[in-house]
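> sharing a sequence plus its predicted fold:
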Amino acid sequence: MSKKSYRNAIKEAIEFEMRRDPTVVVIGEDVRGGHGAKNTEENKLEGFGGVLGVTKGLWTEFGSERVIDTPITESAIIGMTAGAAATGLRPIADLMFMDFFGVCYDMLYNQAAKFRYMFGGKAKAPMVVRGMIGAGFSAAAQHSQSPYHIFTSTPGLKVVVPSSPYDAKGLLTQSIRDDDPVVFCEHKLLYDITGEVPDEDYTIPFGVANYTRQGTDVTIIALSLMVHRANEVADKLATEGISVEVVDPRTISPLDEEGILESVASTGRVVIVDESAARCGFAHDVAALIAQKGFYALKAPIELVTPPHTPVPFSNVLEQAWLPSAERIEIAVRKVLEV
Amino acid sequence: MKLTENQLLDAYKHMRDIREFEERLHVENTTGDISGFIHLYSGEEAVAVGVCENLTNKDYITSTHRGHGHCIAKGCDIHAMMAEIFGKDEGLCRGKGGSMHIADLNKGMLGANGIVGGGPPLAIGAALTAKTLKTGGIGLSFTGDGGSNHGLTFEAMNMAVVLQLPVVFIFENNGFGEGTGCDYAVGSKDIAGRAAGFGMPAEKVDGTDFFAVYEAAKKAIERAREGKGPSVIEAITNRFYSHFEGDPGLVRSKEEIEYIREHKDPLKIFRQKVKGQVSEEKLDQIDKESQSLIDDAVKKARAAKNPEVSQLYTDVYVSY
């Protein structure tokens, strides 16, 4: 076990699986990088490995046959990935920014996600679509969204949103070995965080929530970057004697309903923090679940902390105000405690 | 190129099976026992069969919403196809796909597709698998003239050239995307000609002539198998029926359709071309066999049991 970044944890999962299984390939624009450029000595140099360097080094070990730089044509990338997955490969497609799903959604939504059902159980699509989510980088409205709620609403897709390096490696390994199409959402603000990550390979099952803080007074349910903000609030309130439990579902499809409801049953007070959307998002889905199946445990109305219903702004000042902050989470926690 | 008598009989049998299947669906569709959309392939048989006679189960094809012909040409079980269209549990997709989503991966049939332009990206995926795992197979997409205008198709063609994938793009130009004429909707009016812009060879063939399609496909498929990259074939063909069963069918006159049925029927043309090489009796015999095969398929499909409602929830995921 040693400390590793979220970025390296992700890369380790990919390289371990590529060594273990010759059918695993990586597909995407710039997954190696520099292909066809003049300064790479006739394409003999390792490129930059994706815009944020996650896949750097893979090409040197696995070559162009398995680390496949493509044109920036998302529909063809995801379509080719789906076709390859149905016929014997375990491809990992790199969509770069998850925001770009709009360009290629048909290949996920109408094709890969539906193969198995529509073909009567006779097909599968063991593929992973990796992509960056999240605001906080001043990347503005088309490079900062967290559209995981849209993937979740499509039956047939599994949706993974890891918050720590440990979870990232274990869940990505599980995703690559999974026989269903998995959308793997990496928050760009988390790439440089570090944490203990085993050197060997391991998997984390889907649909098992992680309690990142144990507590008795309030449950905060959060994903990805928001888990860190929730933890921060839990630690701060602990000094006042307020005991906050933080539940990170880690995967939204499947969702650990039991894990969530168990925590709600024990605290009776709930705050859901979600970066995806102010309407019809993850928070609303979980709130509905609790209202339906955990209603009698509730001592106060459920509080949601989401961004406003606007595109993500560019200006740092506006963007910070857009993202759910620790302050807003704290206010929400105090509010549910007042009732 | 000379085909043996057995090869010719095989090709004719496949074309005849498709014709019987389709003509029968045209009738059965009016009985109320079939729900949903049915898009008939009658008139285009020489394309599917001319291409698929060159393929094996290692090769994967993608199809269109007008997919029955491709399924039969690729060797899908006709009884199971018919049961699927009747929505029955014994259907090839257990009644969950229907006419527009018939698939059989064991036969290299990656699915008919309800999305225009949906097939080419999936076919390059199959080609990538073949290339990476060195299976010796290829990927091949059937797309219509409508799908030829689709952005997904363009992206797939470019990707195939960039990655030098073993894939063939077949464009079945039957003159209409739904009810919109190809002369109007294809900017260049030349689908094959566009391929040059992507950097791959293309050929335009008479899609009513099995032999023309067979030869062009053979060349393109061999090229792909030899690692020489993708190519395009545009087959000019006709559909006997309108876009879907029950649509108003106003895009062509009765006279035009009569003319097509008389002079552009791939089965009649085939019979003409094999005169002297294959006896009329043998071809007539195939006609009879096809008829009883389809009769039997309809009878069994109608009698087959419906899926259990509990099946609604199965096969969403491999594992959850």
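Looks like it arrived, so ask away. From a predicted model like this one, the values you see are computed outputs, not experimental measurements.

> where does pLDDT dip in the chain?
Defaulting to chain A. Residues of chain A meeting the criterion pLDDT under 70: A:38-44.

> the chain in question should be chain B.
B:1.

> for it, which segments count as helices?
B:5-28, B:45-52, B:68-73, B:78-85, B:119-133, B:151-162, B:182-185, B:191-198, B:210-225, B:254-263, B:266-273, B:280-303 (DSSP state H).

> go on, chain A?
A:6-20, A:58-62, A:74-87, A:101-106, A:115-118, A:148-152, A:165-177, A:225-238, A:257-267, A:282-293, A:316-322, A:326-338.

> give me the distance from the shortest one to the chain's centre.
Put simply, helix A:115-118 sits 24 Å off its chain's centre (Cα atoms, centre = their mean, to the nearest Å).

> also the first one?
On the basis of Cα atoms, centre = their mean, helix A:6-20 is displaced by 16 Å from the centre of the chain it belongs to.

> and it with chain B, contact?
No - counting by Cβ under 8 Å from any Cβ of the partner chain, chain B is not contacted by helix A:6-20; separation bottoms out at 12.0 Å. In this view, the C-beta of every residue, glycine as well, is placed from N, C-alpha and C.

> how close does the residue nearest the centre of chain B sit to residue B:141?
The residue lying closest to the centre of chain B (Cα atoms, centre = their mean) is residue B:70, at 2.7 Å. Applying Cβ to Cβ, to the nearest Å, the value for residue B:70 to residue B:141 is 10 Å.

> what is in contact with these two at once?
residue B:61 (Cβ atoms under 8 Å, 6 or more residues apart in numbering or on different chains).

> residue contacts, residue A:274?
Contacts of residue A:274 by Cβ under 8 Å, 6+ apart are A:222-223, A:226, A:281-283, A:304-306, A:324.

> among those, which one sits closest to chain B?
Nearest to chain B out of the contacts of residue A:274 is residue A:282 (Cβ to the nearest Cβ; 18.3 Å).

> hmm, residue A:180 and residue A:125 touching each other?
Yes - in this structure residue A:125 lies within contact range of residue A:180 using Cβ atoms under 8 Å: 6.9 Å.

> who touches both of these two?
Going by Cβ under 8 Å, 6+ apart, residues that sit against residue A:125 and also against residue A:180 are residue A:116.

> list the buried residues of stretch A:214-223.
A:215, A:217-223 (16 or more other Cβ atoms under 10 Å in any protein chain shown).

> what of stretch A:310-323?
In stretch A:310-323, counting by 16+ other Cβ under 10 Å, buried: A:312-313, A:319, A:322-323.

> check those and tell me the two furthest apart.
A:313 and A:323 (10.2 Å; Cβ to Cβ).

> hey, what's in contact with both of the two?
With Cβ under 8 Å, 6+ apart as the test, residue A:313 and residue A:323 reach no residue in common.

> what's near enough to touch the residue nearest to the centre of chain B?
Counted by Cβ under 8 Å, 6+ apart, residue B:70 has contacts B:41, B:48, B:52, B:61, B:63-64, B:109, B:112, B:142.

> just the buried ones out of the residues you listed, please.
The neighbour-count criterion (16+ other Cβ under 10 Å) marks B:41, B:48, B:52, B:61, B:63-64, B:109, B:112, B:142 among the contacts of residue B:70 as buried.

> can I get those residues in a markdown table with distance to residue A:54?
Shown next, in a markdown table, are the buried ones among the contacts of residue B:70 (distance: Cβ to Cβ, whole Å):
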| residue | distance to residue A:54 |
| --- | --- |
| B:41 | 46 |
| B:48 | 43 |
| B:52 | 42 |
| B:61 | 35 |
| B:63 | 36 |
| B:64 | 37 |
| B:109 | 36 |
| B:112 | 37 |
| B:142 | 37 |
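
> out of those, which comes closest to residue A:45?
The closest of the buried ones among the contacts of residue B:70, once distances to residue A:45 are taken by Cβ to Cβ, is residue B:61, at 38.8 Å.

> you'd agree that closest one is up against residue B:107?
No - Residue B:61 is beyond contact range of residue B:107, at 9.2 Å (criterion: Cβ under 8 Å).

> now do the shared contacts for these two.
Common neighbours of residue B:61 and residue B:107 (Cβ under 8 Å, 6+ apart) are residue B:74.

> which among the contacts of residue B:70 gets closest to residue A:110?
Once Cβ to Cβ is applied, the member of those that ends up nearest residue A:110 is residue B:112, at 12.9 Å.

> neighbours around the residue nearest to that closest one when sequence neighbours are not counted, how many?
Nearest residue to residue B:112 in three dimensions, chain neighbours excluded: residue B:67, at 2.8 Å (Cβ to Cβ, 6 or more residues apart in numbering or on different chains). By the criterion of other Cβ atoms under 10 Å in any protein chain shown, residue B:67 has 29 neighbours.
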